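> requesting a structural model of the entry that follows:
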Amino acid sequence: QVQLVESGGGLAQAGGSLRLSCAASGSTVSNYHMAWYRQAPGKEREFVAAISLSGVNTYYADSVKGRFTISRDNAKNTVSLQMNNMKPEDTAVYYCAARGTTDSDFNSWGQGTQVTVSS
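Numbering: from 1, shown residues only. From the prediction side, this is the model:
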């Protein structure tokens, strides 16, 4: 099973940018559909973005569409989330997730990285 480690979280001002990275080990990320989820304090975890095996297809939550970009580098075994024009409501712990090609759900998760956006 793939192990995932997120990095790149921190503090940003409203309108600013951050880039999150997810490094995979134990298996090649090219075998997995990948996604980012987030969980704000007191709220349930929610979907942010996903990317297909090849990287051709990407999917976004309406709340981040046009501001966030998910990408993958299968050669480097990494997935990234570029976050631009950030808003205070983007404050959350961000998780990287993987889903095998025969799995119905994302079932491998990283430990999460905190993102805080100040107004």
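> against Glu46, how distant is the closest residue to Asn85 other than its chain neighbours?
The spatially closest residue to Asn85, leaving aside those adjacent along the chain, is Arg67, at 4.8 Å (CB to CB, 6 or more residues apart in numbering). Every residue, glycine included, has its C-beta placed from N, CA and C. Arg67 is 15 Å from Glu46, where distance means CB to CB, to the nearest Å.
> count the neighbours of the nearest residue to Ala24 once chain neighbours are set aside for me.
Spatial nearest neighbour of Ala24, chain neighbours left out: Asn77 (4.7 Å); criterion: CB to CB, 6+ apart. Asn77 has 17 neighbours, counted by other CB atoms under 10 Å.
> wait, is Gly66 part of a helix?
No: counting by DSSP: H, G, I helix; E, B strand; the rest coil, Gly66 falls outside a helix, being coil.
> quick one: average pLDDT of stretch 110-119?
On average, the pLDDT along stretch 110-119 is 97.
> what's the span of that stretch, first residue to last?
Using CA to CA, to the nearest Å, one end of stretch 110-119 lies 28 Å from the other.
> contacts for it next, please.
Contacts to stretch 110-119, defined as CB atoms under 8 Å, 6 or more residues apart in numbering, come from residues 4-14, 16, 18, 20, 22, 38-39, 83, 86-97.
> kindly report the same for stretch 88-97.
With CB under 8 Å, 6+ apart, stretch 88-97 has contacts from 4-6, 9, 14, 20, 22, 34-41, 43, 45, 48, 63-64, 79, 81, 83, 106-119.
> buried residues in that stretch?
Buried positions in stretch 88-97, judged by neighbour count with 16 or more other CB atoms under 10 Å: Asp90, Thr91, Ala92, Val93, Tyr94, Tyr95, Cys96, Ala97.
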